[in-house]
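[1] Just to be clear, the model below is a prediction. Sequence and coordinates:
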Amino acid sequence: MISVGIITYNEEFRLGRTLEAVKEFADEIVIVDSFSTDNTIEIAREYGARIFQREWIGYGDQKNYVIEKCQGDWILLIDADEVITKELKEEIKNITYKNEKTVYEIPFNSVCFGKRIRFGGWSGSSRIRLFKKNSGKYSLDKVHEKFITTERIGKLKKRIDHYTYEDYEDYLNKFNRYTGEGAQVAFEKGKKAGLFNILLNPIFKFIRMYIFRLGVLDGVEGLVLAVSSAMYTSVKYVKLRNLTMDYNEFKNR
């Protein structure tokens, strides 16, 4: 039995595409939603999903809750912007039937602004998405959570299409959210926001992505991603600086 697990919050423009791709081979679909205010829940119901609503604590904790609610022997835990290709679907069926390993990484295609991105460090990444229940769990990091396991990790050949940014408006919405979350995590770890991280590190990041990792070959989209990734680093540390200043002001009252 294969359970497909997804965490959601206001995913009405993505969720239908993702669920359509898994509906034929998923024995159950489990949605853990953070009280969406759009039509996410209605769309999940259309696909017969089991729906649970839970306050947002962090990515790791929320994904562990999905695992807890899944009833299948195998769990395919994906995000609402990740679409299983037909080729990957067949490979998953074969892998889960053979039972050779219990944890699998799946390689990703990155699709940004309607175009598949092949350079700039965006291609070739793999993440654990398929595993047997009780074979591991996620770290409790609020962002950049990791699947922790002692099992040997296999790797599938076929890819997930990851619709990272649908359009520029979607990018800007995520940009504000992710820089804020990243700054909060850095603050909790006691990191500092100096001139290097705010100014110099973003410059190096742009050069690395656009020149050395050949982002230039992805055209306009490659340029936008290199610039925006550099801005992400800078803004995250500016927000960290503001958090630190606010904390110090509060502490000195």
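    That came through fine. Since the model is a prediction, treat every value here as computed from it, not as a measurement.
[2] mind listing the helices for the stretch 151-253 of the chain?
    168-188, 195, 201-207, 219-251 (DSSP state H, counting those that start in this stretch).
[3] In JSON lines, list those along with mean pLDDT, distance to Y104 and mean neighbour count.
    Just so you know, the C-beta spots here come from the backbone N, C-alpha and C atoms, and that holds for glycine as well. Output for the helices of the stretch 151-253 of the chain, formatted as JSON lines (pLDDT from 0 to 100; distance: least, Cβ to Cβ, whole Å; neighbours: other Cβ atoms under 10 Å):
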{"stretch": "helix 168-188", "mean pLDDT": "90", "distance to Y104": "26", "mean neighbour count": "16"}
{"stretch": "helix 195", "mean pLDDT": "88", "distance to Y104": "43", "mean neighbour count": "9"}
{"stretch": "helix 201-207", "mean pLDDT": "96", "distance to Y104": "31", "mean neighbour count": "16"}
{"stretch": "helix 219-251", "mean pLDDT": "91", "distance to Y104": "28", "mean neighbour count": "17"}
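[4] Using TSV, lay out these together with distance to G154.
    Output for those, formatted as TSV (distance: least, Cβ to Cβ, whole Å):
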stretch	distance to G154
helix 168-188	30
helix 195	44
helix 201-207	32
helix 219-251	30
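[5] Identify whichever of those lies nearest to Y97.
    helix 168-188 (36.7 Å; Cβ to Cβ).
[6] Extract the C-alpha set from that closest one and format it as PDB.
    Extracted C-alpha coordinates of helix 168-188, given in PDB (Å, rounded to 0.1, in the frame of the first residue of the first chain):
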ATOM      1  CA  TYR A 168       7.300  36.300 -10.800                       C
ATOM      2  CA  GLU A 169       4.400  37.100  -8.500                       C
ATOM      3  CA  ASP A 170       4.800  33.600  -7.000                       C
ATOM      4  CA  TYR A 171       8.500  34.200  -6.600                       C
ATOM      5  CA  LEU A 172       8.000  37.400  -4.700                       C
ATOM      6  CA  ASN A 173       5.500  35.900  -2.400                       C
ATOM      7  CA  LYS A 174       7.900  33.000  -1.600                       C
ATOM      8  CA  PHE A 175      10.800  35.400  -1.400                       C
ATOM      9  CA  ASN A 176       9.400  37.400   1.500                       C
ATOM     10  CA  ARG A 177       8.300  34.200   3.400                       C
ATOM     11  CA  TYR A 178      11.500  32.300   2.900                       C
ATOM     12  CA  THR A 179      13.900  35.200   3.800                       C
ATOM     13  CA  GLY A 180      11.900  35.800   7.000                       C
ATOM     14  CA  GLU A 181      12.000  32.100   7.900                       C
ATOM     15  CA  GLY A 182      15.700  31.900   7.100                       C
ATOM     16  CA  ALA A 183      16.500  35.000   9.200                       C
ATOM     17  CA  GLN A 184      14.500  33.600  12.100                       C
ATOM     18  CA  VAL A 185      16.400  30.300  12.000                       C
ATOM     19  CA  ALA A 186      19.800  32.100  11.700                       C
ATOM     20  CA  PHE A 187      18.800  34.300  14.700                       C
ATOM     21  CA  GLU A 188      18.000  31.200  16.800                       C
END
